[in-house]
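# Any chance you could fold what I've pasted below:
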Amino acid sequence: MLSALLEERNLPPLRPRAEMLELLQTEIYGRLPAAPEAMEFTVEPDVIWRFCAGKAVCDRVTARMVVNGKPFEFPFLATIPTVPGPHPFFIHINFRPDNPDRYMPTEELIDAGFAVLSFCYNDVSSDNGDFTDGLAGVLFENGARGPEDPGKIALWAWAAHRVMDYAETLTDRLDCTRSAVCGHSRLAKTALFTAATDTRFAFAYSNDSGCSGAALARGKTGESIRDICERFPFWFCENYKKYVDNEAAMPLDHHALLAAIAPRCVLVGSASEDAWADPDSEFLCCCAAAPAFDGGFPCPDRLPGDNVAFLDGRIGYHRRPGLHYFSRLDWQRLIEFIRLHS
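Coordinates of the predicted model:
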């Protein structure tokens, strides 16, 4: 059944990773900015007093750097268990700077033995069409972009790379062989692009990323390329608009985004009532990307039900009941997936 459903989508074949990365950047997200010319981190220690009853220390870190010859900085929080490490950790691209947050149950993550480094995407560049503020402001003269210049997703992914740079300075406390980048919705798209373009991440987690994330564009229901480009064109490069009502002309589909993370591990999470994201297209995207992963995607030859988890392969998928939300159950399945493959 699944093979027939995939044949109906008429997907382009997967390409070598370098070719997929080139197309992902030139046709969808824009070219990732270069690494900073200079960078340093300043730490304000223990900014949340007695955090998690002393089970963790939460430091506020500021990444200060030179980009395109200009100064730029953004803050993030590093919350690390006080027991000896090194610990597996999440880099969480979040909608808010709060700790804990409704999308980040920090104490539960600490109790599970994980650290979490989190930043608010708006502290990097605003979630709108203004390309004169934040990181965009140091990259673009007068906010003007060319056809392949990065959209906001690429800028937020670039910032996640910088947080990983910091994690690599704490190898006595953080286990970089068990690092995971994660996000929800637009920031789940960002997490996938982050891991696709940086092999230092051992795991990527997409929670309800939908259109232009972990869902196939061809044959998708719910949100389409037209919908997303009309409302959020600034997330992508200008070239992406070529595929409005023209998905069949794309030289790749979003199974290439997942496949570009191989042979590392990626987990895709869906919500059964999130029709705008289209859980079936997210599931089929995992199936189409499976040949790039060692062992493929071990699942039945059918569309899944409303509460399932396929975690045994290096590409995994889970679907829970409910709506578009980054829930505790999503985190729990992500933790289980990382433990299975560590």
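# where in the stretch 1-150 of the chain is pLDDT low?
Nowhere does the stretch 1-150 of the chain drop to pLDDT under 70.
# let's see it at 80
In the predicted model of the stretch 1-150 of the chain, residues 1 satisfy pLDDT under 80.
# Could you pull out the helices in it for me?
2-9, 17-23, 106-111, 134-139 (DSSP state H, counting those that start in this stretch).
# Show me what the first one is packed against.
Other helices and strands packing on helix 2-9, by 3 or more C-beta pairs under 8 Å, 6 or more residues apart in numbering; DSSP states H and E, are helix 279-289. To be clear about C-beta, it is placed using only N, CA and C from the backbone, and glycine gets the same treatment.
# In the very next helix or strand once past the helix it packs on, which residues are buried?
Scanning forward in sequence from helix 279-289, with DSSP states H and E defining helices and strands, the next element found is strand 308-310. Neighbour counts using 16 or more other C-beta atoms under 10 Å place 308-310 of strand 308-310 among the buried residues.
# I'd like to know how many residues surround the spatially closest residue to residue 221 that is not a sequence neighbour.
Computed as C-beta to C-beta, 6 or more residues apart in numbering, the closest residue to residue 221 that is not its neighbour in sequence is residue 278, at 5.0 Å. For residue 278, the count of nearby residues is 22 (other C-beta atoms under 10 Å).
# For residue 278, report the pLDDT, please.
Residue 278 is assigned a predicted lDDT (pLDDT) of 98.
# these two touch, right, it and residue 218?
No: when contacts are counted by C-beta atoms under 8 Å, residue 278 is not listed as touching residue 218 (11.6 Å).
# and of the buried residues of strand 308-310, the nearest to residue 61?
Taking C-beta to C-beta as the measure, residue 61 lies nearest residue 309 of the buried residues of strand 308-310, at 33.7 Å.
# where does the closest residue to the closest one other than its chain neighbours land in three-state SS?
Distance criterion C-beta to C-beta, 6+ apart; nearest residue to residue 309, sequence neighbours excluded, is residue 318 at 4.0 Å. Using DSSP: H, G, I helix; E, B strand; the rest coil, the secondary structure recorded for residue 318 is strand.
# surely residue 318 meets residue 305?
No: with contact defined as C-beta under 8 Å, residue 318 and residue 305 do not form a contacting pair (11.4 Å).
# More neighbours: which of those two?
Using other C-beta under 10 Å, the more surrounded residue of residue 318 and residue 305 is residue 318, with 24 against 9.
# Name all residues that make contact with the more buried one.
Counting by C-beta atoms under 8 Å, 6 or more residues apart in numbering, residue 318 makes contact with 267-270, 308-311, 330, 333.
# Assign residue 270 to helix, strand or coil.
Under three-state DSSP, the three-state class of residue 270 is strand.
# Can you tell me how far it is from residue 15?
Residue 270 sits 26 Å away from residue 15, going by C-beta to C-beta, to the nearest Å.
# Looking at the two, which is more packed in?
Remark: of residue 270 and residue 15, residue 270 carries more neighbours, 30 against 16, as counted by other C-beta under 10 Å.
# If that one is in a bridge, with which residues?
Taking DSSP bridges, one obtains residue 319 as the residues bridged to residue 270.
# okay, it: pLDDT?
The score at residue 270 is 98. That number is its pLDDT.
# Need the nearest residue in space to residue 74, chain neighbours excluded.
Nearest-residue entry for residue 74: residue 123, 4.7 Å, with adjacent residues in sequence omitted and distances by C-beta to C-beta, 6+ apart.
# Also residue 29?
Ranked by C-beta to C-beta, 6+ apart and with sequence neighbours excluded, the top spatial neighbour of residue 29 is residue 154, at 4.8 Å.
# The one you found in helix, strand or coil?
Reducing the assignment to helix, strand or coil with three-state DSSP, the entry for residue 154 is helix.
# residues in contact with it?
When the contact criterion is C-beta under 8 Å, 6+ apart, the partners of residue 154 are 25, 29-33, 193, 237.
# now residue 63
Taking C-beta under 8 Å, 6+ apart, one finds 39-41, 73-76, 159, 162-163, 165-166 in contact with residue 63.
# and of the residues you listed, the nearest to residue 47?
Nearest to residue 47, judged by C-beta to C-beta, of these is residue 75 at 10.2 Å.
# Need the residue closest to the centroid of the protein.
For the chain, the residue lying nearest the average C-alpha position, counting by C-alpha atoms, centre = their mean, turns out to be residue 191 (0.9 Å).
# in the stretch 1-150 of the chain, which spans are strands?
Shown for the stretch 1-150 of the chain, the strands assigned by DSSP state E, counting those that start in this stretch span residues 38-44, 56-67, 70-81, 87-94, 115-120.
# Can you give the contact residues for the first one?
If you take C-beta under 8 Å, 6+ apart as the criterion, strand 38-44 is touched by 59-66, 78, 162, 165-166, 169.
# Equivalent analysis for the last one, please.
Identification of contacts with strand 115-120 by C-beta under 8 Å, 6+ apart yields 56, 74-81, 85, 87-97, 99, 101, 104, 106, 109-110, 159-160, 163, 166-167, 173-174.
# Which members of the residues you listed are classed as buried?
Members of these that pass the buried threshold by neighbour count (16+ other C-beta under 10 Å) are listed as 56, 74, 76-81, 85, 87-95, 97, 99, 101, 104, 106, 109-110, 159-160, 163, 166-167, 173-174.
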